[in-house]
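Trainee: Structural data only, the sequence is not supplied:
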């Protein structure tokens, strides 16, 4: 990941580290690498989302392992050892600063360590559309619902998942959500 970190300017790398710490502190549902990648690219830096996600996963692993082992800033840097020399010059001070300022705030409870790794819901977007025609049918006038779910995976990466439903499928989907809401109200 060190060669990928070289591609990221210091201010964006610091923002990435801050977002990771916030995610580990359960203050945000995840790291929006897609949005950050677009901003880095808009600044003229060539990086793809896959490379940025690898960097985010590496830094997340680094910080979560350091929190689990209750490492001080100097212990964290010593643990990195030879990797420190492989990291770009701008990365080490950022890691040191972010960990020094916010690392101790990461709470790693026994329950959190033993949790199963499932994604976390972030947002939902939907739109209603009508297919007017296709190459095989001149007049469809077929309504559908497109749903996009934003989900943060256990490492904090936010991904979008989109799907389309017919109106009867959507009505079934809606009915199931109403059932869930009714059950939740009894809890």
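Mentor: That came through fine. Note that this is a predicted model, so its numbers are computed, not measured.
Trainee: only C-alpha atoms for contact and neighbour calcs from this point on.
Mentor: OK.
Trainee: which regions of the protein sit below the pLDDT cut-off?
Mentor: Where the chain drops to pLDDT under 70, the residues are 82-85, 107-118, 154-155.
Trainee: what domains does the record give for it?
Mentor: If the domains of the chain are taken from the TED database, they occupy 1-112, 120-185, with pieces of a single domain joined by a plus sign.
Trainee: Buried deepest among those, which one?
Mentor: Comparing the domains of the chain by mean neighbour count (mean count of other C-alpha atoms under 10 Å), domain 1-112 comes out on top with a mean of 17.
Trainee: what about that one, distance to the chain center?
Mentor: Using C-alpha atoms, centre = their mean, to the nearest Å, we find the averaged C-alpha position of domain 1-112 to lie 13 Å away from the chain's own average C-alpha position.
Trainee: Not including adjacent chain positions, what is the nearest residue to the spatially most central residue of the chain?
Mentor: Nearest to the mean C-alpha position of the chain, counting by C-alpha atoms, centre = their mean, stands residue 157 at 2.1 Å. Excluding the flanking residues, the one nearest residue 157 by C-alpha to C-alpha, 6 or more residues apart in numbering is residue 31, at 5.2 Å.
Trainee: I'd say the one you found and residue 17 touch.
Mentor: No - at 9.5 Å, residue 31 does not count as touching residue 17 under the criterion of C-alpha atoms under 8 Å.
Trainee: Tell me which stretches of the protein form strands.
Mentor: Assigned by DSSP state E, the chain shows strands spanning 120-131, 142-152, 158-166.
Trainee: where do the helices sit along this structure?
Mentor: With DSSP state H as the criterion, the chain has helices at 2-5, 10-24, 33-42, 49-68, 73-80, 82-86, 91-102, 110-114, 167-186.
Trainee: Tell me which of those helices approaches residue 120 most closely.
Mentor: For the helices of the chain, the distance to residue 120 is smallest for helix 10-24, at 11.3 Å, taking C-alpha to C-alpha.
Trainee: wait, what's in contact with the residue nearest to residue 149 when sequence neighbours are not counted?
Mentor: In this structure, residue 149 finds its nearest non-sequential neighbour in residue 124, 4.6 Å apart by C-alpha to C-alpha, 6+ apart. When the contact criterion is C-alpha atoms under 8 Å, 6 or more residues apart in numbering, the partners of residue 124 are 147-150.
Trainee: Kindly recompute the last result at 10 Å.
Mentor: Contacts of residue 124 were listed using C-alpha atoms under 10 Å, 6 or more residues apart in numbering, and they are 147-151, 160-162.
Trainee: of those, closest to residue 100?
Mentor: Checking these one by one against residue 100 (C-alpha to C-alpha), the nearest turns out to be residue 151, at 29.5 Å.
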